[in-house]
Structure formats: structure tokens, C-alpha cells
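Asks: coordinates only, sequence not included:
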Ligand code: FE
Ligand code: FE
Ligand code: ZN
């Protein structure tokens, strides 16, 4: 089986530059922000860059790329203007930007209910998804598992399942599991990886798992902190990542590093993980 591995890259120079950079560091996929991660304006789409990228990707075996929504969006904010902004950004991301690179993945943080309660948060997120997910969408929209920091929605598998259950076109939805987040949230992937995957399967369904964010954690189990660490430098450890990438239920998935690294550090981590992958 082929190992699909990449890392988070800067989108500032366009798609072709990201594709080439991925190849240079030994990756065969990548993640990128659709626009400034703090929200706000996106660059105009460059049709020539996208056409050049698509042929480069086909020739160089880059596939299943993962776009990440700005992390400041809050689909379940209390203020309707903040929710409206999230809807506007995600609509443009999905129906304009991702439509230009069909058949890929788009990940977002479900949101924070900011004191309205988990049930209200879940309803608001599902409402927004129902407004933006239409039958012609070719992108799979991924809900990211969260660390359960503050009033974050998505720190428990049940919360993600509850959102999916309320979305009409839920076959357009999937999940991105972040190893740092789930460990911080209290899922013991270090001591009982099989048990966590069984729980994921029972609550959400493993067929919904479409991508893994592969990050170590600066903090101990169940800390609800969400601070990423380099592979092997944190509380999860290299052995666990070896088990994760080789796990029969996970090894076919694309893995994306979001560790605190510059490009040379990412290249080293990709080489390390490729060396651990049992081909
Ligand atoms: Fe994220
Ligand atoms: Fe993540
Ligand atoms: Zn994180």
C-alpha cells in the first residue's frame, strides 16, 4: 500500500508552488489555508496556476489535498454576524475555491458554543452546513476532532456524530482526526489505540474518517490544551505514531503534519515517518 503523507504549507505562492514544495520534501500531499488563517480576504483565484498545478499533481502523484478553513471562523457563535461571516467564507471556499480543484477535502473546526450550551452549538453548526452543502459539491467537508478547550464543540466523538446526524446531505461530510487534539481531549491513543478506534467506529463510523492530522502534544493526556509538538517530542511519542500510520484501519488514509516546524523540519519528519511505514 502507498503511504500518503504531507504537511501544512504556505499558500502564498499558489497551488503549483505548493505542489512543487511537497515533492521537494518527499511528500505526496499537502494541507493549506484557503485564505489568511485569521479569517478575512482571500487572493483572487489564478486559473493559470490551478491548471499548471493540476497537471503537475497528475504527473507527480499528488492527490487528496486538504484545505483548512480559517481557524477563527465560528459556525456556532452567539452573534449572528459572526455566524454569517463563517457562512460567507465557507461558501466561497467550497463553491469557488475548492470547486477549482475538484474531489479534494476541506477541513474546519466545528466551533465554540460560547456559553450557549453544547446542544445549541451543535444545532447552529448543522444549520450552517445545511445552508452551504449542496448536491453538486465535489469536495468532502471534514469536521476536525477538537481538544475540548473552553466551549469547543467536537472534543467528543458524540458531538461530531450529532452534527452529522442533523445534516441532510451528510454523505458529503467526513472527519479529520487530529492526534494531538484527541489525546488532549481524553482519548488514550497511547495506552489503548484499538479501543479509541473501536469507540470512533461505534460512535461515528470509521468509514467517515478521511484524514489524520499527525501531531505530537506538548501537554499530558486529557489536558484540553491543544498545543502541537514535533513528532517524538511530546506526550504521544514516536512509537505510537508508528502504530498509527501502520494500523490496518488507518494506513490507507492521508496523514498531514501540523507540527511546529519550518520546511526542513517537515522534510525530516516526513522522512522519519516514511521510514517507519511498513510498505
Ligand atoms: Fe485544525
Ligand atoms: Fe489539526
Ligand atoms: Zn490544534
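Replies: Arrived safely. These figures come from a predicted structure and were not determined experimentally. Ligands and ions are numbered 1, 2, ... in the order given.

Asks: alpha carbons only for contacts and neighbour counts from here, please
Replies: Noted.

Asks: all helices for the stretch 51-200 of the chain, in order.
Replies: Along the stretch 51-200 of the chain, the segments classed as helices by DSSP state H, counting those that start in this stretch run 80-92, 118-132, 157-165, 179-185, 193-203.

Asks: which of these sits closest to residue 209?
Replies: helix 193-203 (8.9 Å; Cα to Cα).

Asks: for that closest one, packing partners?
Replies: Under the contact definition 3 or more Cα pairs under 8 Å, 6 or more residues apart in numbering; DSSP states H and E, helix 193-203 sits against helix 157-165.

Asks: give me the buried positions along the helix it packs on.
Replies: Across helix 157-165, burial judged by 16 or more other Cα atoms under 10 Å covers 157, 159, 160, 161, 162, 163, 164.

Asks: name the nearest of the residues you listed relative to residue 139.
Replies: Of all the buried residues of helix 157-165, residue 139 sits closest to residue 164, with 15.9 Å by Cα to Cα.

Asks: what is the burial count for the closest residue to the closest one other than its chain neighbours?
Replies: Once flanking residues are discounted, residue 164 sits nearest to residue 170: 5.9 Å by Cα to Cα, 6 or more residues apart in numbering. Neighbour count of residue 170, defined by other Cα atoms under 10 Å: 17.

Asks: which residues of the chain fall in strands?
Replies: 4-8, 29-33, 66-68, 105-108, 111-112, 140-144, 152-153, 173-178, 209-213, 216-217, 228-229, 254-257 (DSSP state E).

Asks: bridged to residue 256, which residues?
Replies: Beta bridges link residue 256 to residue 6, residue 213, judged by DSSP bridges.

Asks: confidence score at it?
Replies: As predicted, residue 256 sits at a pLDDT of 98.

Asks: and what of residue 62?
Replies: So, for residue 62, pLDDT stands at 97.

Asks: from residue 255, how far off is the closest residue to residue 127 other than its chain neighbours?
Replies: Distances taken as Cα to Cα, 6+ apart place residue 167 nearest to residue 127, at 7.6 Å, with adjacent residues excluded. According to Cα to Cα, to the nearest Å, residue 167 and residue 255 sit 26 Å apart.

Asks: same thing with residue 270?
Replies: 10 Å.

Asks: the two: which is more packed in?
Replies: Between residue 270 and residue 255, counting by other Cα under 10 Å, residue 255 is the more crowded of the two (30 against 22).

Asks: so the more buried one makes contact with residue 212?
Replies: Yes: using Cα atoms under 8 Å, residue 255 makes contact with residue 212 at a distance of 4.9 Å.

Asks: OK, contacts around the spatially closest residue to residue 115 that is not a sequence neighbour?
Replies: Excluding the flanking residues, the one nearest residue 115 by Cα to Cα, 6+ apart is residue 151, at 6.8 Å. If you count contacts by Cα atoms under 8 Å, 6 or more residues apart in numbering, residue 151 has them with 112, 113, 114, 115, 118.

Asks: what bridges to the first one?
Replies: By that I understand residue 112. Going by DSSP bridges, residue 112 forms beta bridges with residue 152.

Asks: quick check: it touching residue 78?
Replies: No: if you go by Cα under 8 Å, residue 112 and residue 78 don't touch, sitting 9.3 Å apart.

Asks: which one of those two is surrounded by more residues?
Replies: More neighbours surround residue 112 than the other of residue 112 and residue 78, with 25 against 17 (other Cα under 10 Å).

Asks: can you pull the contacts of that one?
Replies: 74, 75, 76, 77, 121, 150, 151, 152, 153.

Asks: number of nearby residues for residue 210?
Replies: Neighbours of residue 210 (other Cα under 10 Å): 22.

Asks: that one and residue 42, how far apart?
Replies: 26 Å.

Asks: identify the residue nearest residue 83 in space, chain neighbours excluded?
Replies: Spatial nearest neighbour of residue 83, chain neighbours left out: residue 75 (5.1 Å); criterion: Cα to Cα, 6+ apart.

Asks: quick check: that neighbour touching residue 130?
Replies: No: Residue 75 is beyond contact range of residue 130, at 11.8 Å (criterion: Cα under 8 Å).
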